[in-house]
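**Student:** how would this look folded up:
(2 chains)
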Number of protein chains: 2
Amino acid sequence: MARFAAIGLDHRHIYDLTQDLLDEGAECVGYNPDTTDPRVLAGFRKRFPHVPEAETELLLDDPSIDFVVIAARPCDRAELAIAAMRRGKDVMVDKPGITTLEQLTSVERAVAETGRIWSICLGRLASPAVQEALRIVRSGEIGRLVHTSALLPHRLNRALRPSWFFDRPAYGGIINGIGVHAVDQFLAFADASDADIVLSSIGAFGTEPDGFEDFAEIVLATPSVRGYVRLDWFTPDGLPTWGDGRFFVIGTEGTLELRKNLDIEGREGTDHMFVANRTATRYLDCSRLPVTYYRDFLRDIAERTETAMPQHQTFAVCRLALRAQEQAVRYTAKCA
Amino acid sequence: MARFAAIGLDHRHIYDLTQDLLDEGAECVGYNPDTTDPRVLAGFRKRFPHVPEAETELLLDDPSIDFVVIAARPCDRAELAIAAMRRGKDVMVDKPGITTLEQLTSVERAVAETGRIWSICLGRLASPAVQEALRIVRSGEIGRLVHTSALLPHRLNRALRPSWFFDRPAYGGIINGIGVHAVDQFLAFADASDADIVLSSIGAFGTEPDGFEDFAEIVLATPSVRGYVRLDWFTPDGLPTWGDGRFFVIGTEGTLELRKNLDIEGREGTDHMFVANRTATRYLDCSRLPVTYYRDFLRDIAERTETAMPQHQTFAVCRLALRAQEQAVRYTAKCA
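**Tutor:** The predicted model follows:
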């Protein structure tokens, strides 16, 4: 079974990446304790007490290690990934995988030259509800696809955030940081590798520090499908989860809604789907449907395939998110 | 009590306008049977068998009639309204009240010269849930307002539609026709009389006749608030109501969602509200809250006040909707 190491313990997402890979039978054989956030390191040690710590250089030089998982500061991820690939490792990286187009070009070159896999754990891939929605759309049940809307509030959680979280060059901007999921999702539903950016706006509504990107809107279009994305850091303290993420799909003959993280004041649990088609409506609890991303990744590693996500599509998603980030028109709200 | 006549029986909305005014104690003393849709006329006669029919000219010349309600073809409404105002009548008109900027200018002139009231029964005014949401936003419960999203699917109901429904000059376009509600709603929540049109797009996704405006998106911005509007004619046949209209509000300290027409696969009835604030979430059934628009209108008629909606705001809403309609970038989906 595949052996991996965890490096770049700056974001708590490293816990899920590690656990989900362990659950699929991979073995975590080491981690590097360098971090910008000692709380993340402490949490990792508590969750995975049997995993030994080691220098990154030793982990990268260990020929028995197949791949690394990376949740460093976003701006540091590309360099780590490239170093790993140049030393024969495949890579699974927390999103966003990169923060600049220059980094993206360097990663693409490293993949081309080494033949290694560079995979980003995008939200769609780890969401059973989104996977099921994609299946339904492709089945034709709701007719021809017209439009998708992703409403993606996030909790700021100021007290838990390291300083890089508020440092624009370090996290790469709101669209690159949390919008990349939605860009990926739109391209997946539209069955496309690129889209026109009809609108890209980034807002600052007064969250400290001054100018912090606390809001964004994107409108995307392919020749046959359009999509809207709304991102923000305004999840209220009273909501019992980090964000009431929604996804609405319109087809010519039906619609579909996901309440991904909760059904506010409604059903228990996560991954709720509501469908209306030609004849009826129905509810679907998607929370127990399988997530295949991790096992697909592990098989890809073994068989040198691209079933988890085609490599070119991963690059396409990053490029589109970065373009939307770069082109965004700034909006600063006048606060009364 | 106020006496009124119904003229322009081209849209079934005339039923609600008439009934809601009767419920508030006004007296319907006549209607003109001219129509482009005999089914609407038959429905009116069935619902209001005691109301006598009469020539429009006689109704407009009757000094005992205080106001008229109009649900003519959209392109004919302004002329009827102006004729009524010039003969001393106030006017309540189905939305959209006008279809062109020229008509708007003529109506404004008629109002200025006659001192009559020209009121459009906009969706917000007749929705208890929206009125309650506005009250909550103004209370400060969800902090400073950041953004509103209106998702407004409509059922095409092809078999029930008269030919003018598919005739762009007759209905005035999708944004003017069904978007005017959302434009009004945004301005009301933003407490503004105008907004920048950041984006306006009209889509044709293949609904017959060729080029029919079956989709639109608008992004609006005031100096402190932004808003998104999505309109479409793709309500699926299997949905048990004409459209799963949603309204999402983001504040700096809370959020609010309305499910105006149904809670799909959830609670019975209409006008559902879901709030998350600094400390908790809560559900509110708004369906039994009062709608004050009709009684406010009747009092305005008697007292020459503007409590239902300031006259200048009605004009501002129409102007912004027409501008968005005119400026819209066209998108024609390539259908496979």
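**Student:** for chain B, what's the nearest residue on the stretch 1-150 of chain A?
**Tutor:** As assessed by C-beta to the nearest C-beta, chain B sits closest to residue A:146 within the stretch 1-150 of chain A, at 5.0 Å. Quick note: C-beta positions are derived from backbone N, CA and C, even for glycine.
**Student:** poorly predicted segments of chain A, please.
**Tutor:** Applying pLDDT under 70 to chain A flags the ranges A:336.
**Student:** break it into its domains for me.
**Tutor:** What automatic domain parsing lists as the domains of chain A is A:3-120, A:127-291+A:324-330.
**Student:** out of those, nearest to residue B:284?
**Tutor:** Proximity to residue B:284 (C-beta to C-beta) singles out domain A:127-291+A:324-330 among the domains of chain A, at 9.4 Å.
**Student:** measure that closest one end to end?
**Tutor:** Domain A:127-291+A:324-330 stretches 31 Å from its first residue to its last (C-alpha to C-alpha, to the nearest Å).
**Student:** quick one, strands of the stretch 51-200 of chain A?
**Tutor:** A:67-71, A:90-93, A:118-120, A:145-153, A:196-204 (DSSP state E, counting those that start in this stretch).
**Student:** spatially nearest residue to the residue most central in space within chain A (excluding sequence neighbours)?
**Tutor:** Chain A has residue A:122 as the residue nearest its centroid, 3.0 Å off, counting by C-alpha atoms, centre = their mean. Among residues not flanking residue A:122 along the chain, residue A:184 sits closest, at 4.6 Å (C-beta to C-beta, 6 or more residues apart in numbering or on different chains).
**Student:** contacts only, for that neighbour.
**Tutor:** Listed by C-beta atoms under 8 Å, 6 or more residues apart in numbering or on different chains, the contact set of residue A:184 reads A:122-124, A:317, A:321.
**Student:** related to what we said a few turns ago, do I have it right that the residue of the stretch 1-150 of chain A closest to chain B meets residue A:250?
**Tutor:** Yes: at 4.4 Å, residue A:146 counts as touching residue A:250 under the criterion of C-beta atoms under 8 Å.
**Student:** what's the burial count for the nearest residue to residue A:284 once chain neighbours are set aside?
**Tutor:** Using C-beta to C-beta, 6+ apart and skipping the chain neighbours, the partner closest in space to residue A:284 is residue A:273 (4.1 Å). Residue A:273: 24 surrounding residues under other C-beta atoms under 10 Å in any protein chain shown.
**Student:** and what of the one 5 residues further on?
**Tutor:** As a burial measure, residue A:278 scores 12 neighbours (other C-beta under 10 Å).
**Student:** who's in contact with it?
**Tutor:** A:253-254, B:236-238.
**Student:** may I ask which helix or strand encompasses it?
**Tutor:** For residue A:278, there is no host helix or strand (DSSP states H and E).
**Student:** tell me how far it lies from residue A:130.
**Tutor:** 23 Å (C-beta to C-beta, to the nearest Å).
**Student:** on that earlier part again, among the strands of the stretch 51-200 of chain A, which is nearest residue B:288?
**Tutor:** Among these, the nearest to residue B:288 by C-beta to C-beta is strand A:145-153 (28.3 Å).
**Student:** sheet partners, orientation included, of that closest one?
**Tutor:** Paired strands of strand A:145-153, with direction, are strand A:226-232 (parallel), strand A:246-251 (antiparallel) (DSSP bridges).
**Student:** packing partners for the very next helix or strand once past the last one?
**Tutor:** Of the helices and strands lying after strand A:246-251 in sequence (DSSP H and E), the nearest is strand A:255-259. Counting contacts by 3 or more C-beta pairs under 8 Å, 6 or more residues apart in numbering or on different chains; DSSP states H and E, strand A:255-259 packs against helix A:128-139, strand A:246-251, strand A:272-276.
**Student:** quick one, what contacts residue A:180?
**Tutor:** A:95-96, A:120, A:122, A:317-318, A:321.
**Student:** residues of the stretch 101-250 of chain A that sit close to chain B?
**Tutor:** By C-beta under 8 Å from any C-beta of the partner chain, the part of the stretch 101-250 of chain A that sits against chain B consists of A:142, A:144, A:146-147, A:149, A:151, A:153, A:198-199, A:201, A:203, A:205-207, A:215, A:217, A:219, A:221, A:223-226, A:228, A:230, A:232, A:234-240, A:244, A:248, A:250.
**Student:** filter those to the buried ones?
**Tutor:** Neighbour counting by 16 or more other C-beta atoms under 10 Å in any protein chain shown classes A:142, A:144, A:146-147, A:149, A:151, A:153, A:198-199, A:201, A:203, A:205-207, A:215, A:217, A:219, A:221, A:224-226, A:228, A:230, A:232, A:234-236, A:238-239, A:244, A:248, A:250 among these as buried.
**Student:** residues in contact with residue A:298?
**Tutor:** Contacts of residue A:298 (C-beta under 8 Å, 6+ apart): A:1-2, A:21, A:24-26.
**Student:** and the spatially closest residue to it that is not a sequence neighbour, how many neighbours?
**Tutor:** Among residues not flanking residue A:298 along the chain, residue A:2 sits closest, at 5.3 Å (C-beta to C-beta, 6+ apart). Residues lying near residue A:2 (other C-beta under 10 Å) number 17.
**Student:** pretty sure the residue nearest to the centre of chain A is touching residue A:309, no?
**Tutor:** Yes: here residue A:122 reaches residue A:309: they are 7.5 Å apart, a contact under C-beta under 8 Å.
**Student:** stretch A:111-128: which residues count as buried?
**Tutor:** A:111, A:114, A:116-128.
**Student:** what's the helix ranked longest in chain A packed up against?
**Tutor:** Determined from DSSP state H, the single longest helix within chain A is helix A:311-327. In terms of contacts (3+ C-beta pairs under 8 Å, 6+ apart), helix A:311-327 is packed against helix A:101-114, strand A:118-120, helix A:180-190, strand A:196-204, strand A:215-221.
**Student:** alright, that wraps it up for me.
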